[in-house]
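Asks: Provided below for reference: sequence and predicted model.
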Amino acid sequence: MLATQPTLEDLTANRLSTAAGIEDIAAAWNELAGDVPFRRYEWLEAWWRHYERAGWELFVLAVRDAEGALVALAPWYRHRTLISGRTIAFLGSGEVCSDYLTVLAAPELAELVAVRLADWLTCEGRDEWDTIELDGIERQDPVVGGLIQALEARGCLAHRRQRIGAWRLELPGDWKSYTSRLSKSRRGGVRTVEKRYFETGRARVRSAECAAEVERGLAILHDLHQRRRKSLGDSGCFASPRFAGFLAEVARRFHALGRLRLQWIELDGRPVAAEFDLSSSAAVYHYQSGIDPDAMPDKPGWLMQISALKKAIEEGFQAFDFLRGDEPYKSWWRAERRPLFEVRLVAPRVSARLRHGVWAAGVRGKAWLRGFSEWVKQRRSLRGGDANSNE
């Protein structure tokens, strides 16, 4: 809580467009980021360092009070596309899938910050953008919600659509209390895995405690992740050199902060599962994993998940966040879904609205094609079922 609540007239906004400019506010940035690792300077600046491309520009909007103190930050960049024109988006967007991004501000200033940013975007910065695309927004985000309302009041168009959800598990105080929440079959499976692998000593948990172990853990994660994804016909995240470089960079940075949880399971002395997580003061965020496709009979995914959850509970964390993605296993471990949305804001100009019309038509066309494809699959499935029933 601020000592003196500023008024709208006290707040000023300006754009930071250089790496040096955002480095100067790194400490204040992290104070505003709170406990979410993906909002921190170390994560988002590393993304810019590895993903910046020709023609892209930093478009970080800083809001300051009458004394010049930073009170809010929109961690954005700008790029240009043929359809959307000059587009503003969050740093950390794209294949990195940074979750829980937002405009950073103290909760008590959310409404004022939203109005000040909307004023800047439609006054001083009105000719600097055509579209703002913000993905992975939580439904109750106060600053982004206020920004949308303020921009709509100033003539901007807003297009919202629901995206895949994020999943979060609230942790109890001990392992027994947690396993009692599981279904009977899963609880039995957990106990079998504990007895067969952990209690016999066949499975051992290794954690990256020093820089050399971080490098080793990353190599294990890279190998297991790629082998598993290729076995499923997918290229895997580490096929992208940008992603591989980015993850190595943030691993070093968050290890130095004491927020990296990089661990792997060795079964009979051989790595079979690895997990890359980050932590805040209250929660563990599960970001990336890999399992040995040749060890599937030994349930490497179960081994890793049991180990990670048990360790989080023993260390007193209040939540384990599985992040974005609606995979069924998350609900099996009793995580609960948190809906996320994509918001697309269009500048109040004819040219920007025309571009948006082209984009919207493309979205509708893709949705129709997806629906048609599903219909064809269902028809084929029905025909196959009829044929089998006659055998």
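Replies: Sure, I can see it. Residues are numbered from 1 along each chain as shown.

Asks: which residues touch Pro6?
Replies: Applying CB atoms under 8 Å, 6 or more residues apart in numbering, we find Pro6 in contact with Asp65, Ala66, Val71, Leu109, Leu112. The way it works is simple: take the backbone N, C-alpha and C, and place the C-beta from them, glycine included.

Asks: what about the closest residue to Phe90 other than its chain neighbours, how many residues close to it?
Replies: Using CB to CB, 6 or more residues apart in numbering and skipping residues adjacent in sequence, the residue nearest Phe90 is Leu101, 4.5 Å away. Residues lying near Leu101 (other CB atoms under 10 Å) number 25.

Asks: so Leu101 touches Gly92, yeah?
Replies: Yes. With contact defined as CB atoms under 8 Å, Leu101 counts as touching Gly92 (6.0 Å).

Asks: between those two, what contacts are shared?
Replies: The contact sets of Leu101 and Gly92 overlap at Phe38, Pro75 (CB under 8 Å, 6+ apart).

Asks: picking that back up, next step: the contacts of Pro6 restricted to helices.
Replies: Leu112 (DSSP state H).

Asks: mind checking which of the contacts of Pro6 are buried?
Replies: When the contacts of Pro6 are checked for burial by 16 or more other CB atoms under 10 Å, the buried set is Asp65, Val71, Leu109, Leu112.

Asks: between those residues, which is nearest Gly269?
Replies: Val71 (53.4 Å; CB to CB).

Asks: so what's that closest one up against?
Replies: Contacts of Val71 (CB under 8 Å, 6+ apart): Leu2, Pro6, Leu11, Leu32, Val63, Arg64, Asp65, Ala105, Ala106, Leu109, Val113.

Asks: which ChimeraX command selects the buried ones in those?
Replies: Here is the ChimeraX command that selects the buried residues among the contacts of Val71 (16+ other CB under 10 Å):
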select :6,11,32,63,64,65,105,106,109,113
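
Asks: min pLDDT across the contacts of Val71, which one?
Replies: When these are compared by pLDDT, Leu2 scores lowest at 58.

Asks: ok, back up a step: next step: the contacts of Val71 restricted to strands.
Replies: Val63, Arg64, Ala105 (DSSP state E).

Asks: if I read this right, the first one contacts Ala114, doesn't it?
Replies: No. In this structure, Val63 is not within contact of Ala114 by CB under 8 Å, at 10.0 Å.

Asks: may I have stretch 213-223 exported as CSV, CA atoms only?
Replies: Extracted in CSV, the C-alpha atoms of stretch 213-223 (Å, rounded to 0.1, in the frame of the first residue of the first chain):
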residue,chain,number,x,y,z
GLU,A,213,24.7,-29.5,-11.8
VAL,A,214,22.4,-27.0,-13.6
GLU,A,215,24.2,-27.6,-16.8
ARG,A,216,23.9,-31.4,-16.3
GLY,A,217,20.3,-31.2,-15.4
LEU,A,218,19.5,-29.1,-18.5
ALA,A,219,21.3,-31.7,-20.7
ILE,A,220,19.3,-34.5,-19.2
LEU,A,221,16.0,-32.5,-19.6
HIS,A,222,16.9,-31.7,-23.2
ASP,A,223,17.6,-35.3,-24.0
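
Asks: that's all I had, so thanks and see you.
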